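Peer 1: Here you go, sequence then predicted model.
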Amino acid sequence: APAALVILYILFAIVGNNFFTWDTAENILQSAYYIGFMAFGVTFIIITGGIDLSLGTVMMCAALIGAYSFNAWGLPLGVGVIITLGIAMIFGLLNGVMIAKLGLPPFIATLGSQMISMGIGSIITKVQAQTWPAASAEIGGWFKKALVRTKVFDIIPIGAIWLLVFFIIAALILHKSKFGRYLYAIGSNEEAARLSGINTANWKIGAYVLSGFFVGMAALFYAAVYSTITPGTGAGQEMHGITGVIVGGTSMAGGSGTMVGTLIGVFIMSVLKNGLSACGLQAEWQTFFTGLSMGLLQLKEIPSPLPQALKDFGKAYLFEVTDSAGLKSTMTTMFLFYIALIIITSFILNKTMFGRALYAIGGNEVSAERAGYNVKRTKFILYTAVGAVAGFTGMIRVCMASQSIPKAMVNKEFTIIPAVILGGASIFGGEGS
């Protein structure tokens, strides 16, 4: 990771436009603030073998309510700061209890928290955007000055000092305290840690609460940098923090990782973002390379319009029977198409060797391999098929729409995955229809 950071910086300094300047260095630091705090917090969680998908929406929810307490309730801004931190830690506690005490998978628990936090922020603020005081404001102007608008010795941004201070605190907690050692033990082998006398449930809850504190700090720095917070946003922001952690070398399986690696991973993401901008590439390229980096080290789509001929083909053969039949015929054809698709996939899943292999692998991968199933080949075929279906779904989306909308399908997985789970498929694998 350190070598990758140096190589990226040198590369962009050579090919980028005015990249090797102090202003660009400040921009890199500024874009690393809130991502860095999120990454510090989720590092504790990932080391236990968990995950938190609610980071982005909890960050926005906390920042929204903190600002609303100042703007609408008339509370002092200092109280709003405390409310922001408190809300984020409450969500951390909620996630920890659901996972450690109730036994919910981290994916499901934090996915639920993501939706809850997005809704609560919108409900409390009445779906109104909230603004934190500007640095020039007589009341509350200290907030931005204290976090991002002041320079130490007229050269070092105060935000970088805050990031460094909390990095040191996080590193000391992770590497030099009993809390950190227990988290590593839980991530390496939770059952062995429990049998050795560690109260794994309580320590996991502690990890989520501590992560909540860092998410609260991320909310404050996001508010200090961007000022206006919009309700209903934040989904997807968590991937920046999680990607920074993974790029920094922390294993998603748990039990290994360092806070230094996380910091380097965060700056890799920040350098990538600013470097691509210096090269004249648009924002969607940052999304692409972020997903590519995450995939290579442990994929946001770059949508492109389909040729008009392909759109015409899809409309003619998938959705429209005759020009005179109208909407009824179109919907009938779609209905028959989906019925056929259900029959085909059900047959593959329940009546073929491939389907039996999937159930066996989901039930117990080691036992499936011993039983003679080629686990790697089966998984490869599965993900290839899923990718093909996703591409076909994109074609259908374009055929149905008058034009391709680049971000139309972003975060749709958070609708699809709960539907699969509600339909009876087990998140642990081996069950479903």
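Peer 2: Yep, it's here.
Peer 1: so where do the helices sit in the stretch 151-300 of the chain?
Peer 2: Taking DSSP state H, counting those that start in this stretch as the criterion, the stretch 151-300 of the chain contains helices spanning 158-176, 178-188, 190-195, 200-226, 238-247, 259-278, 283-297.
Peer 1: Can you name every helix or strand that the longest one contacts?
Peer 2: In other words, helix 200-226. Contact partners of helix 200-226 among helices and strands, from 3 or more C-beta pairs under 8 Å, 6 or more residues apart in numbering; DSSP states H and E: helix 22-47, helix 55-71, helix 77-96, helix 142-147, helix 158-176, helix 178-188, helix 190-195. (Glycine included, C-beta is placed from N, CA and C.)
Peer 1: which parts of the longest one are buried?
Peer 2: Right, the one you point to is helix 22-47. Of the residues in helix 22-47, those buried by neighbour count under the rule 16 or more other C-beta atoms under 10 Å are 24-47.
Peer 1: Which elements pack onto that helix?
Peer 2: Under the contact definition 3+ C-beta pairs under 8 Å, 6+ apart, helix 22-47 sits against helix 55-71, strand 156-157, helix 158-176, helix 178-188, helix 200-226, helix 238-247, helix 259-278.
Peer 1: Mean neighbour count, those: which tops it?
Peer 2: With neighbours taken as mean count of other C-beta atoms under 10 Å, those reach their highest mean count in helix 55-71, at a mean of 28.
Peer 1: relative to helix 22-47, how tilted is that one?
Peer 2: Following axes from the mean of the first three to the mean of the last three C-alpha atoms, to 10 degrees, one obtains 110 degrees for the angle between helix 55-71 and helix 22-47.
Peer 1: I'd like the mean pLDDT over helix 55-71, please.
Peer 2: Helix 55-71 comes out with an average pLDDT of 95.
Peer 1: going forward, begin numbering at 744 instead of 1
Peer 2: Got it, first residue is 744 now, which makes that one helix 798-814.
Peer 1: Would you mind writing the CA trace of it as PDB?
Peer 2: As requested, the backbone C-alpha atoms of helix 798-814 are provided in PDB (Å, rounded to 0.1, in the frame of the first residue of the first chain):
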ATOM      1  CA  LEU A 798     -21.800   4.400   7.800                       C
ATOM      2  CA  GLY A 799     -22.800   6.800   5.100                       C
ATOM      3  CA  THR A 800     -26.500   7.300   6.000                       C
ATOM      4  CA  VAL A 801     -25.800   7.400   9.700                       C
ATOM      5  CA  MET A 802     -23.200  10.100   9.000                       C
ATOM      6  CA  MET A 803     -25.700  12.100   7.100                       C
ATOM      7  CA  CYS A 804     -28.500  11.500   9.600                       C
ATOM      8  CA  ALA A 805     -26.300  12.700  12.500                       C
ATOM      9  CA  ALA A 806     -25.200  15.800  10.600                       C
ATOM     10  CA  LEU A 807     -28.800  16.600   9.600                       C
ATOM     11  CA  ILE A 808     -30.200  16.300  13.200                       C
ATOM     12  CA  GLY A 809     -27.200  18.200  14.700                       C
ATOM     13  CA  ALA A 810     -27.700  21.100  12.300                       C
ATOM     14  CA  TYR A 811     -31.500  20.900  12.800                       C
ATOM     15  CA  SER A 812     -31.100  21.200  16.600                       C
ATOM     16  CA  PHE A 813     -29.300  24.500  16.000                       C
ATOM     17  CA  ASN A 814     -31.400  25.900  13.100                       C
END
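Peer 1: and residue 1090, how many neighbours?
Peer 2: Residues near residue 1090, counting by other C-beta atoms under 10 Å, number 11.
Peer 1: Name the next helix or strand downstream of the host helix or strand of it, please.
Peer 2: Assigned by DSSP states H and E, residue 1090 belongs to helix 1069-1094. Toward the C-terminus, helix 1069-1094 is succeeded by helix 1096-1106 as the next helix or strand (DSSP H and E).
Peer 1: now this protein, which segments are flagged as low pLDDT?
Peer 2: 744, 1025-1030, 1032-1084, 1134-1158, 1162, 1165-1167 (pLDDT under 70).
Peer 1: which residue is nearest the centroid of it?
Peer 2: Closest to where the C-alpha atoms of the chain average out (C-alpha atoms, centre = their mean) is residue 982, at 2.7 Å.
Peer 1: Tell me how far residue 862 lies from residue 868.
Peer 2: Counting by C-beta to C-beta, to the nearest Å, the separation of residue 862 from residue 868 is 11 Å.
Peer 1: So which of these two has more stuff around it?
Peer 2: A side-by-side neighbour count of residue 862 and residue 868, using other C-beta under 10 Å, places residue 868 first with 21 against 14.
Peer 1: returning to that earlier point: would TSV of the helices and strands packed on helix 765-790 with distance to residue 1163 be doable?
Peer 2: Formatted as TSV, the entries for the helices and strands packed on helix 765-790 read as follows, by distance: least, C-beta to C-beta, whole Å:
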stretch	distance to residue 1163
helix 798-814	21
strand 899-900	45
helix 901-919	35
helix 921-931	27
helix 943-969	25
helix 981-990	20
helix 1002-1021	30
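Peer 1: among those, which is nearest residue 1116?
Peer 2: If you check each of those against residue 1116 by C-beta to C-beta, helix 921-931 wins as the nearest, at 27.8 Å.
Peer 1: ok, residues contacting that closest one?
Peer 2: Helix 921-931 has contacts (C-beta atoms under 8 Å, 6 or more residues apart in numbering) with 787, 789-792, 916-917, 935-936, 939, 941, 943, 946-947, 949-950, 996-999.
Peer 1: Which of the helices and strands packed on helix 943-969 sits closest to residue 857?
Peer 2: With C-beta to C-beta as the measure, helix 798-814 is the member of the helices and strands packed on helix 943-969 nearest residue 857 (4.8 Å).
Peer 1: How far away from the center of its chain is the closest one?
Peer 2: Using C-alpha atoms, centre = their mean, to the nearest Å, the distance from the centre of helix 798-814 to the centre of the chain it belongs to is 18 Å.
Peer 1: and it, what other elements does it pack with?
Peer 2: Packed on helix 798-814, when contacts are counted by 3+ C-beta pairs under 8 Å, 6+ apart, are helix 765-790, helix 820-839, helix 849-867, strand 873-874, helix 943-969, strand 971-972, helix 981-990.
Peer 1: need those in CSV with distance to residue 899, can you?
Peer 2: Shown next, in CSV, are those (distance: least, C-beta to C-beta, whole Å):
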stretch, distance to residue 899
helix 765-790, 9
helix 820-839, 23
helix 849-867, 33
strand 873-874, 27
helix 943-969, 16
strand 971-972, 27
helix 981-990, 22
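Peer 1: okay, the helices of the stretch 894-1043 of the chain in CSV with distance to residue 975 next?
Peer 2: Compiled in CSV, the helices of the stretch 894-1043 of the chain are given as follows (distance: least, C-beta to C-beta, whole Å):
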stretch, distance to residue 975
helix 901-919, 27
helix 921-931, 33
helix 933-938, 36
helix 943-969, 15
helix 981-990, 15
helix 1002-1021, 23
helix 1026-1040, 19
